[in-house]
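# next come a sequence and a model predicted from it.
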Amino acid sequence: MKPIGPRFFARDADAVARALIGTTLMFGKSGGIIVETEAYDTTDPASHSYGERQTRRNAVMFGAPGHAYVYFIYGVHWCLNFVCKDASAVLIRALEPTHGLAAMARRRGNDDPRKLCSGPGKLCEALGITGVHNGLSLFAPPLALINRSRRPAIATGVRIGLTKAADLPRRYGLANSPHLSRGFPELPI
DNA sequence: GGGGAGATTATCT
DNA sequence: GATAATCTCCCCG
């Protein structure tokens, strides 16, 4: 399989969010298989780019696809997104840890593999991702993406933790993965 | 093992 | 001054 390139992200966030399930994300020497994602775009009241309103925080979303959009939330956590076309983005919600487990456990202060990367805040802490990485290309170190070899069955559900547009089914994942932030009550689609 | 409070700050109105 | 795409701990039973 070819490596994932910039064209991979030059489409809508839902397509990318599904295509990312099963791919491996590396950050430095740590990384894992993406098992959970969510899609956001300018038509979505829950999105930072809703209504195409540009601010200092969301500037990266309006730039070229294939870059990391990292933001700070609840005064505590960082969240990692991949920018797609037209100011849309995919939130990376969970990984199955595969590389650099010891380093991730050290950064997390927890060595349970199921608790290392099973949430957007957790995986940023595990990988060491912070605001200084906002805007980085996904195709240059320390970031790297490795394509999946087979297409997995994708489960769909409503997104998590939202107060706006909480009913949109824009969360995607591996239904039976033990590394999800939460399970998928809905059947795989 | 489930529910709820509290943490803590960048960003925007 | 309000809000936020989260997490952990503590309480309960």
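Arrived safely. Numbers count the residues shown, from 1 in each chain, chains lettered A, B, ... in the order given.
# where does the spatially closest residue to residue A:174 that is not a sequence neighbour sit, in terms of helix or strand?
Spatial nearest neighbour of residue A:174, chain neighbours left out: residue A:35 (4.7 Å); criterion: CB to CB, 6 or more residues apart in numbering. (C-beta placed from N, C-alpha, C; glycine too.) Residue A:35 is located in strand A:30-40, with elements delineated by DSSP states H and E.
# ok, that strand near DNA strand C or not?
Yes - Strand A:30-40 is in contact with DNA strand C by CB under 7 Å from any atom of the strand, via A:38, A:40.
# quick check: next helix or strand after that strand?
Using DSSP H and E, the first helix or strand after strand A:30-40 is strand A:68-73.
# what pairs with that following strand, parallel or antiparallel?
strand A:77-83 (antiparallel) (DSSP bridges).
# now the partner strand: average pLDDT?
In this model, strand A:77-83 has an average pLDDT of 97.
# what about the closest residue to residue A:80 other than its chain neighbours, neighbour count?
Spatial nearest neighbour of residue A:80, excluding adjacent residues (CB to CB, 6+ apart): residue A:92 at 4.8 Å. Per other CB atoms under 10 Å, the neighbour tally for residue A:92 reads 25.
# and if you look at the one 5 residues further on?
The local packing count at residue A:97 equals 23, with neighbours defined by other CB under 10 Å.
# in chain A, what residue spans correspond to helices?
A:13-20, A:101-108, A:113-116, A:120-127 (DSSP state H).
# the first one close to DNA strand C?
No - Helix A:13-20 stays clear of DNA strand C (CB under 7 Å from any atom of the strand), getting no nearer than 9.3 Å.
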